[in-house]
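> sequence first, predicted model second:
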Amino acid sequence: MRILFLAFLILAACEEKKVVEQKTNFGKEESIALNQQLLEEEEINIDLFLTHHASWKMIKTGTGLRYYIYENGNGKKPMPGMKVGVIMNVKLLDETVCYETPSDMIDEFIVDKSNVETGVQEAIKLMKVGDRAKLIIPAHLAHGITGDMNKIPPISTLIVDLKLYSAE
């Protein structure tokens, strides 16, 4: 009996193992469905955040950017290609500060021709010099699926307090 059992073990150990390849069927439809789910979850999180900030009179654009100009300036509106000077405070929805413009500096960039978040670029064109605004920038208008590889995690909604100082 022991010999039969031993022979069975030897045969079983020598038998070629078949690797079952599991196919993942992740095509265009699955990608669209996943993105839709992520957008819906992000919308819920933004709406929850705004219930705690009811005084923010947000306007939502067609791209999903929300903005609220809470201090009005009287300067000109920036146009694509203009150099603007801004002060920004960038936070996550949980209010974790990611970036702040130092108090003795002004950040400068060219409208629509720089690596500044798409949501900030869009908002700048809705403002006038001297305006201060609160922005809620969904992930797809911020740093997307990868984050910024530094302080902003993947798929993060950003809260930006923005002051437009100059446009030339």
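It's in.
> when you work out contacts or count neighbours from here on, use the C-alpha atoms and nothing else.
Fine.
> list the buried ones in the lengthiest helix in the chain?
Counting by DSSP state H, the longest helix found in the chain is helix 28-51. Across helix 28-51, burial judged by 16 or more other Cα atoms under 10 Å covers 39, 42, 46, 50.
> can you give the distance from that helix to the centre of its chain?
A distance of 12 Å separates the centroid of the chain from that of helix 28-51, by Cα atoms, centre = their mean, to the nearest Å.
> look up phi and psi at residue 135.
The phi and psi values for residue 135, taken as degrees, to the nearest 10, are phi -120, psi 140.
> separation between the nearest residue to it once chain neighbours are set aside and residue 151?
Distances taken as Cα to Cα, 6 or more residues apart in numbering place residue 67 nearest to residue 135, at 4.4 Å, with adjacent residues excluded. Noted for residue 67: a distance of 23 Å to residue 151, by Cα to Cα, to the nearest Å.
> please apply the same query to residue 85.
Using Cα to Cα, one obtains 23 Å as the distance from residue 85 to residue 151.
> neighbour count for these two, which is higher?
residue 85 (19 against 13; other Cα atoms under 10 Å).
> chain center to the helix or strand hosting the more buried one, what's the gap?
For residue 85, the host element (DSSP states H and E) is strand 83-92. Averaging C-alpha positions (Cα atoms, centre = their mean) puts strand 83-92 15 Å from its chain's average.
> could you pull up the mean pLDDT of it?
Averaged over strand 83-92, pLDDT sits at 97.
> what of stretch 129-148?
Per-region confidence: stretch 129-148 scores 95 on mean pLDDT.
> please apply the same query to stretch 50-68.
The pLDDT scores in stretch 50-68 average 96.
> just the terminal-to-terminal distance for that stretch.
End-to-end distance of stretch 50-68: 12 Å, with Cα to Cα as the criterion.
> and for stretch 75-84?
Chord length of stretch 75-84, first to last residue, is 12 Å (Cα to Cα).
> list the contacts of that stretch.
Stretch 75-84 has contacts (Cα atoms under 8 Å, 6 or more residues apart in numbering) with 108-113, 124-130, 164-168.
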